[in-house]
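Q: sequence first, then the predicted structure, then my questions.
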Amino acid sequence: MQIKKEDKKDRILKSAEKLFAEKGYANVSISEIAKDAKVGKGTIYVYFSSKEEILDAVALRIFEEFVDGARYALEMSKNLKEFLELLAEKLSKDVENRSKILAMFHRERLKDRSKYREITSEYRKVFMAAYERYRDEFKIPFDEMFAFMRGIFMSAYTMADNITEESIKIFLKKILLCFFDVQKDMDCGSGAS
């Protein structure tokens, strides 16, 4: 039985993601990725020219999952509150492994900011669509909203080693709903007694 090309590539990326998350980018070799993916070392070079390119592809997959999650939240929501709740739900999935990979990507590969812009451009488009749909509820300019959202998600991901996925989901929901003032029955710590 012959394994399809895409299946091999997918196995390579899954193995790389797992090994990078477990051992750290610098501590993983191409040979280890090949062994874990059950492919020959040469097979990896059919798809990727370097370990850096593998990391880029793994990070791109994670960003694509973020974009898909944001699109899902936008498609399924009827108002800003639902959008933010669904977004927090989707983006908190598998946060521990994702956070490690994204931290490696930022550390190892973001010397060139164009790579970051390239990877996050689709993410920005989805948020622009959400902003256009719920413009009256956002109450702030798009660039401020997008910067806030990116900052909140990056903060959540940096905490991933220390708290559970469920806690991150709760954190994201509370911060987002309170900031955009769509959760009237939640204690948002306004300081008023």
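A: Noted; the coordinates are in hand.

Q: only C-alpha atoms for contact and neighbour calcs from this point on.
A: Will do.

Q: how near is N162 to I168?
A: Computed with CA to CA, to the nearest Å, the distance linking N162 and I168 is 10 Å.

Q: so those two - more neighbours on which side?
A: Shown here are N162 and I168; by other CA atoms under 10 Å, I168 has more neighbours (24 against 9).

Q: which strands or helices does the helix or strand bottoming out on mean pLDDT in the chain pack on?
A: Counting by mean pLDDT, DSSP states H and E, the chain has its least confident helix or strand at helix 95-109, which shows a mean of 73. In terms of contacts (3 or more CA pairs under 8 Å, 6 or more residues apart in numbering; DSSP states H and E), helix 95-109 is packed against helix 5-23, helix 51-76, helix 142-158.

Q: can you redo these as TSV with mean neighbour count and distance to A103?
A: As requested, those are arranged in TSV below (neighbours: other CA atoms under 10 Å; distance: least, CA to CA, whole Å):
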stretch	mean neighbour count	distance to A103
helix 5-23	18	10
helix 51-76	19	10
helix 142-158	15	8
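
Q: kindly reformat those as JSON lines containing mean pLDDT and distance to D36.
A: Formatted as JSON lines, the helices and strands packed on helix 95-109 follow (pLDDT from 0 to 100; distance: least, CA to CA, whole Å):
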{"stretch": "helix 5-23", "mean pLDDT": "90", "distance to D36": "6"}
{"stretch": "helix 51-76", "mean pLDDT": "89", "distance to D36": "14"}
{"stretch": "helix 142-158", "mean pLDDT": "84", "distance to D36": "26"}
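
Q: tell me who's in contact with the closest residue to K41 other than its chain neighbours.
A: The shortest distance from K41 to any non-neighbouring residue, by CA to CA, 6 or more residues apart in numbering, is to A34 (5.2 Å). Contacts for A34 (CA atoms under 8 Å, 6 or more residues apart in numbering) come out as I12, G40, K41, T43, I44.

Q: against S15, how distant is the second one?
A: With the distance defined as CA to CA, G40 ends up 13 Å from S15.

Q: the fourth one too?
A: According to CA to CA, T43 and S15 sit 14 Å apart.

Q: mind checking what secondary structure I163 has?
A: Of the three states, I163 takes coil under DSSP: H, G, I helix; E, B strand; the rest coil.

Q: burial check on it, number of neighbours?
A: Counted with other CA under 10 Å, the neighbours of I163 add up to 12.

Q: quick check: phi and psi on it?
A: Dihedral pair for I163: phi -140, psi 160, per degrees, to the nearest 10.

Q: now swap in S92 and tell me
A: Per degrees, to the nearest 10, the backbone of S92 is at phi -90, psi 0.

Q: neighbours of it, just the number please.
A: Count around S92 with other CA under 10 Å applied: 26.
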